[in-house]
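Participant: Need coordinates for the below:
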Amino acid sequence: MPRMKYSWFVDRPRNVPRQDYERYQLISFGAAGLGVLALGLLVGSISGLTLSTSRELAEIDGITVEEALAYAENPPDLVKIEGFLMAENPVTMPDDAQPVIRGQLQVTARQSGSSDDEADESNADNSAGNASTAETTDSAGQITLLDWEETTESVSLSDGDLQIPLAFDSTTLPLVEDLGDVEPEQIREGDSSRTSRTVAVQYGDELLPLPQAYVVQRKTVIVDVERSVLPQGASVVVVAGLEVTPEGNQLVDPLGDRLQVNLGTEAEIQEQGQQTRTLFFILGIPAAIASGLLARSALAMRRMFVRLSNE
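Facilitator: This is a model prediction of the structure:
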């Protein structure tokens with residue numbers, strides 16, 4: 001079988017333009033990447049990888065909150081209970097006062113300036129002196145305007161009527177990303193759009209002033225919000241140990257790192273896993289077809305390069 005002959009000191013076949021050879025390499029990498037992706041998606045779909053959580057839950061005996069509270073001795077080593085997370089005094093989100101079991105909120109600002117803004121920045125720096133210049137340099141990247149995180153200490157699992165306490169660290173409870181309905185609003189000062197500057201960010205009831213360096217630079221300010229919550233009353237499936245105490249039964253962290261808190265009901269978890277499994281299969285087929293087409297194109301180009309390099 002003829003092989004490609006490479007030129008001395010040139011990392012490509014003889015008589016083959018660099019642009020064509022780079023295109024061949026790109027197509028080859030694309031075919032390989034799509035092939036690996038298609039294989040992973042199809043294997044995950046066929047093996048039921050997305051159903052692993054629901055299968056693990058199905059292997060554990062489930063009991064109700066009422067049954068868990070009724071044990072007087074010899075409780076099961078591991079139990080599965082479905083219910084709602086409740087707290088007597090839930091924390092509230094600082095932006096919209098939403099009651100939550102856990103909450104995280106971070107508001108950050110970053111700059112995006114034009115060449116005109118950079119010229120204005122240079123003039124402002126020269127007039128402000130060396131101290132202002134140092135402050136501007138240190139604040140050139142992203143800054144955090146608000147960093148808030150709180151967790152309710154006393155949490156219980158409820159079936160609507162009865163409650164059983166969760167006697168493990170509440171920070172292990174999962175969070176869900178939720179941007180909410182509050183939008184950050186930039187507070188600007190100035191007589192015109194050319195000279196106005198963003199001096200603060202209004203987020204809900206919070207007024208977050210920007211550092212002086214950001215105001216001096218007069219660049220466009222981009223505000224990013226990262227918000228995650230575990231709402232009061234969220235449906236969960238808890239896999240935990242059951243402890244009997246004189247004060248009442250409670251769910252504890254079992255030995256062997258087996259604690260699980262899964263959001264949603266068991267039926268919803270299984271349905272979501274099945275939907276993801278179907279999605280993997282649907283995406284895997286076109287990825288495999290695209291990989292085959294790219295591989296065929298790369299093979300045709302290789303044959304042409306072999307012929308050109310042997311001329």
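Participant: In stretch 20-39, which residues are buried?
Facilitator: 21, 24, 27, 28, 30, 31, 34, 35, 37, 38 (16 or more other Cβ atoms under 10 Å). From N, CA and C alone the C-beta is placed, and that goes for glycine too.
Participant: Reformat these as TSV; add distance to residue 51, pLDDT and secondary structure.
Facilitator: Shown next, in TSV, are those (distance: Cβ to Cβ, whole Å; pLDDT from 0 to 100; DSSP: H, G, I helix; E, B strand; the rest coil):
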residue	distance to residue 51	pLDDT	secondary structure
21	45	85	helix
24	41	89	helix
27	36	93	helix
28	35	92	helix
30	31	94	helix
31	30	94	helix
34	25	94	helix
35	25	95	helix
37	20	95	helix
38	20	94	helix
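Participant: Of those, which is the nearest to residue 82?
Facilitator: Proximity of those to residue 82 (Cβ to Cβ) peaks at residue 37, which lies at 35.5 Å.
Participant: So what's the residue count around the residue lying closest to that closest one once chain neighbours are set aside?
Facilitator: Using Cβ to Cβ, 6 or more residues apart in numbering and skipping residues adjacent in sequence, the residue nearest residue 37 is residue 287, 5.1 Å away. Residue neighbour count, defined by other Cβ atoms under 10 Å, stands at 20 for residue 287.
Participant: sorry, back to before: of the buried residues of stretch 20-39, which is the nearest to residue 179?
Facilitator: Ranked by distance to residue 179 (Cβ to Cβ), these are led by residue 37 at 28.9 Å.
Participant: re earlier: pull the distance from the helix or strand the residue nearest to residue 37 falls within to the chain's centre.
Facilitator: Secondary structure from DSSP states H and E places residue 287 in helix 266-309. Relative to the centre of its chain, helix 266-309 is centred 25 Å away, using Cα atoms, centre = their mean, to the nearest Å.
Participant: what does stretch 265-278 give?
Facilitator: Put simply, stretch 265-278 sits 20 Å off its chain's centre (Cα atoms, centre = their mean).
Participant: same question for that stretch, mean pLDDT?
Facilitator: For stretch 265-278, the mean pLDDT works out to 92.
Participant: May I see the buried residues of it?
Facilitator: Applying 16+ other Cβ under 10 Å to stretch 265-278 flags 266, 269, 270, 272, 273, 277 as buried.
Participant: before we move on, what about stretch 94-109?
Facilitator: Within stretch 94-109, judged by 16+ other Cβ under 10 Å, the buried ones are 94-95, 98-105, 107-109.
Participant: cool, stretch 38-55 as well?
Facilitator: In stretch 38-55, counting by 16+ other Cβ under 10 Å, buried: 38, 41, 42, 44, 45, 50, 51, 53, 54.
Participant: Quick one: low-confidence residue ranges for the stretch 201-311 of the chain.
Facilitator: 215-219 (pLDDT under 70).
Participant: Compile the buried residues of stretch 94-109 into TSV and extend it with columns for secondary structure and distance to residue 241.
Facilitator: Formatted as TSV, the buried residues of stretch 94-109 follow (DSSP: H, G, I helix; E, B strand; the rest coil; distance: Cβ to Cβ, whole Å):
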residue	secondary structure	distance to residue 241
94	coil	35
95	coil	36
98	coil	31
99	strand	28
100	strand	26
101	strand	20
102	strand	21
103	strand	27
104	strand	27
105	strand	32
107	strand	39
108	strand	40
109	strand	45
